[in-house]
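Visitor: predicted model and sequence below, questions to follow.
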Amino acid sequence: MTSAEGPEKPAPATGGNKQLLRIWLPLLALSVVLVIMLQLVALPASLLLGPMLAAIVIVFTGRRIAMPRLPFNLAQGVIGCLIARTLTWPVLQEIGADWMIFAAGVLSVVFASIAIGWMLARYQVLPGTTAIWGAFPGAASVMTLMSGSFGADMRLVAFMQYTRVVIVTVVAATFARLWTGGTAETAAPMLWFAEPDWWSLAQTLALVLIGVMAGRRMPIPAGPMLVPVILGSILNVLGLIEIELPQVLLAVAYATVGWGIGARFDREVILHAGRAMPRVIASIVALVAICGVLAAILVWLTGIDPLSAYLATSPGGADSIAIISASTDVDVAFVMSMQIARFFFVMALGPILAKLVAKHSRF
């Protein structure tokens, strides 16, 4: 099953060469092909979507991808630094000035998700707490782990969470492409071999390693991602570090995150949720639509551009939204601040809300 830090530890290595030829080489090759195809149509976040879709295809062919825990944690740490890089002192001042709108945006998405979960539980599409945890917006791996600790079916929660990640990521990336007019010139070019600031890169890698190692030892969900976010944000706001993330490093992290997400879609989970699948997908589409309406309201109230508002209210994981935001011309700080605030809110109050809502969903 899942763990707080990401994919489970693989079984002891047997037949390493066979595993390499049967799983990892096809996975890598298919990922490259899909990334190139998505790049050709100028789809944002192709470096995440390609590997994610490749992993889903590999798993559906009956091959199990056992993603090693440490590489996945390190990828989380890099994404955590990507998020931390967006938070600066001027940004915090701006958020503080508009805290009521900011809080309303966070709470509206959370309560829309709770309403969807309540309906799934009320009409017995899924068991009570399972439906609530599956509908919660936030980091999918964290929601899945926490759900198992509070009596929900982790497999069904994982199915709902990761199906929503795929749908939200594809919809958000497509919307981003349409917003930019479908032209490659609207996005910043990928400078694969640009020379980095080596001192800043060394500091960033040290932050990733320290944050991930500390996060793995702390009794908090998603510690390898959250600790770099918190440490990096503090250091960045204080001007004590300049976070340097070369494109190659980001590409490796994106691919690892994509593989980790895609690897969860095994046949057992899909078959277990087969009968509920149409209604689960309908509920996800409904939630995406509701968040679109909330984004329109946010645009009307704040004057922020529609794409930033949509990504900020999008009920996907912070990591995938961070990747999409970084590849498009949006207010990344606003988007990620709302995503992170919502994640912390759900992580802190999720158990209480799930229990309360599940109790009142019974006939």
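Guide: Sure, I can see it.
Visitor: the helices in the stretch 101-250 of the chain, which residues?
Guide: Shown for the stretch 101-250 of the chain, the helices assigned by DSSP state H, counting those that start in this stretch span residues 128-135, 140-149, 154-179, 198-217, 223-237, 247-262.
Visitor: check which helices and strands the longest one sits against.
Guide: In this structure, helix 154-179 packs against helix 46-60, helix 128-135, helix 140-149, helix 247-262, helix 267-272, helix 277-302, helix 306-313, helix 318-326, with contacts taken as 3 or more C-beta pairs under 8 Å, 6 or more residues apart in numbering; DSSP states H and E. The way it works is simple: take the backbone N, C-alpha and C, and place the C-beta from them, glycine included.
Visitor: ok, and for the fourth one, which residues are buried?
Guide: Meaning helix 247-262. 247, 249-262 (16 or more other C-beta atoms under 10 Å).
Visitor: coming back round to it: most neighbours per residue, which of the helices of the stretch 101-250 of the chain?
Guide: Using mean count of other C-beta atoms under 10 Å, the stretch among those with the largest mean neighbour count is helix 128-135, at a mean of 29.
Visitor: other SSEs contacting it?
Guide: By 3+ C-beta pairs under 8 Å, 6+ apart, helix 128-135 packs against helix 99-122, helix 140-149, helix 154-179, helix 277-302, helix 332-359.
Visitor: could you export it as PDB, CA atoms only?
Guide: Taking only C-alpha atoms (Å, rounded to 0.1, in the frame of the first residue of the first chain), the coordinates of helix 128-135 have been written out as PDB:
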ATOM      1  CA  GLY A 128     -18.800   7.100   4.300                       C
ATOM      2  CA  THR A 129     -15.300   8.100   5.300                       C
ATOM      3  CA  THR A 130     -13.800   6.500   2.100                       C
ATOM      4  CA  ALA A 131     -15.900   8.900   0.000                       C
ATOM      5  CA  ILE A 132     -14.900  11.900   2.000                       C
ATOM      6  CA  TRP A 133     -11.200  11.200   2.000                       C
ATOM      7  CA  GLY A 134     -11.300  10.400  -1.700                       C
ATOM      8  CA  ALA A 135     -13.000  13.700  -2.400                       C
END
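Visitor: quick one: pLDDT of the residue lying closest to residue 223 once chain neighbours are set aside?
Guide: With sequence-adjacent residues excluded and distances taken as C-beta to C-beta, 6 or more residues apart in numbering, residue 223 is closest to residue 215, at 3.0 Å. Looking at residue 215, its pLDDT is 89.
Visitor: re the thing from before, now render the helices and strands packed on helix 154-179 as TSV, adding distance to residue 231.
Guide: TSV is the format used below for those (distance: least, C-beta to C-beta, whole Å):
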stretch	distance to residue 231
helix 46-60	24
helix 128-135	28
helix 140-149	18
helix 247-262	17
helix 267-272	34
helix 277-302	30
helix 306-313	24
helix 318-326	16
